[in-house]
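In: A predicted structure for the sequence below; I have some questions about it.
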Amino acid sequence: KQEVTQIPAALSVPEGENLVLNCSFTDSAIYNLQWFRQDPGKGLTSLLLIQSSQREQTSGRLNASLDKSSGRSTLYIAASQPGDSATYLCAVRPAGAQKLVFGQGTRLTINP
Amino acid sequence: KAGVTQTPRYLIKTRGQQVTLSCSPISGHRSVSWYQQTPGQGLQFLFEYFSETQRNKGNFPGRFSGRQFSNSRSEMNVSTLELGDSALYLCASSLEITYEQYFGPGTRLTVT
């Protein structure tokens, strides 16, 4: 059974810092991995999608990496801003399954 | 292109009642998935539909059901509501090529 873990559960940093969020999964047989952002009481916004054959994806100040063999992904946020404050969720799509398995999320606070 | 829409956005029901939630996917997306989000359990997969067929179902009791129409719109129904069904219900749609999931704003269900 696929399990996804995100560490830390919460993170508070001053504005302008570069930071890394971690995601680990127990089964390397995945089709893809997706990072989402969720603001309080809102739906999920897709940030980056990494297919199993890819090693990383970039969008603006965000960079996500995937190491399938070790069951790890990281989300790198450069030059953090207060508007980046949100919960960040990592999810994997197991190979052959039409569903996502989510981690519990990292609640990020960027202090001005 | 319009995003995923969900109606209603908020619902208050009494224990024992039933409820129907609606989801309209992004135009051209034929896969629709449903997830339940609670503070204690996080995001859990309910079911996934493609071309009016349920392809995958999560570990929820039979009180939770769904369907998909020929225009890809989907509904989920919860019968005999329990207090523990209070949650944010999220719908997502995707293309079969990338399987990137796009989420709607969710329906906040409160059972009293």
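Out: On my side now, so go ahead.
In: got the residues of chain B near chain A?
Out: With Cβ under 8 Å from any Cβ of the partner chain as the criterion, chain B comes near chain A at residues B:4, B:31, B:33, B:35, B:42-45, B:48, B:50, B:55-56, B:58, B:88, B:90, B:92, B:98-106, B:108. Bear in mind the C-beta positions are built from the backbone N, C-alpha and C, glycine included.
In: mind listing which of these are in strands?
Out: Taking DSSP state E as the definition of strands, the residues of chain B next to chain A contribute B:31, B:33, B:35, B:42-45, B:48, B:50, B:55-56, B:88, B:90, B:92, B:102-103, B:108.
In: which of those residues are buried?
Out: B:31, B:33, B:35, B:42-45, B:48, B:50, B:88, B:90, B:92, B:102-103, B:108 (16 or more other Cβ atoms under 10 Å in any protein chain shown).
In: which two in those are spaced the farthest apart?
Out: B:Phe50 and B:Arg108 (26.6 Å; Cβ to Cβ).
In: residues in contact with B:Arg67?
Out: If you count contacts by Cβ atoms under 8 Å, 6 or more residues apart in numbering or on different chains, B:Arg67 has them with B:49, B:52, B:74-75.
In: again, 10 Å this time
Out: For B:Arg67, the contacting residues are B:20, B:47, B:49, B:52, B:54, B:73-77, taking Cβ atoms under 10 Å, 6 or more residues apart in numbering or on different chains as the criterion.
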